[in-house]
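[1] this one's sequence-less:
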């Protein structure tokens, strides 16, 4: 078994950059958030449909980090490869690799939680178990998808 990976090309815009002409680091986290949404869409789970179908409030990020290796600049096209690297009971981790050509420029890591509206009155949201059918959409049988 291999895991579903999504690839998304991003054009670096002038507004993504700092005065030095390189991508301002918070923009990478915006790219990664959009790439997580695209990954779920590729798995057949657009966010709007997923929220309605499973009665969840969303999949908020609770942890994120990045490793910056090579800077990106205005006008460049980069490719982001994203996959779910780990599933928990109510949380999951997403790994992003941003490439400039063949060069790995940035690695991003997110931890997200599958949450619903809390009913206990103490909080607004509460983690819920991720349905197995959701997890199954991210597993690819390499023999049938060669």
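    The structure has been received and is ready for your questions. On a predicted model such as this, the values are computed, not experimentally measured, just so you know.
[2] from here on, just use CA atoms for contacts and neighbour counts.
    Fine.
[3] for the chain, what spans make up the helices?
    Remark: helices assigned in the chain by DSSP state H are 25-42, 47-54, 132-136.
[4] tell me which of the ones you listed sits nearest to residue 70.
    helix 25-42 (11.7 Å; CA to CA).
[5] contacts for the closest one, please.
    Contacts to helix 25-42, defined as CA atoms under 8 Å, 6 or more residues apart in numbering, come from residues 5-6, 8, 16, 46-47, 80, 82-83, 94, 96, 108.
[6] so residue 68 touches residue 105, yeah?
    Yes - here residue 68 reaches residue 105: they are 6.4 Å apart, a contact under CA atoms under 8 Å.
[7] the more surrounded of these two?
    Neighbour count, other CA atoms under 10 Å: between residue 68 and residue 105, residue 105 has more, with 19 against 15.
[8] and the gap between that one and residue 12?
    For residue 105, the distance to residue 12 equals 13 Å [CA to CA, to the nearest Å].
[9] next one: residue 123
    Going from residue 123 to residue 12 by CA to CA gives 39 Å.
[10] and what of residue 23?
    Where residue 12 is concerned, residue 23 sits at a distance of 8 Å (CA to CA).
[11] check the average confidence over stretch 14-24, would you?
    Mean per-residue pLDDT for stretch 14-24: 95.
[12] need the contact partners of it.
    Here stretch 14-24 has contacts from 12, 27, 71-75, using CA under 8 Å, 6+ apart.
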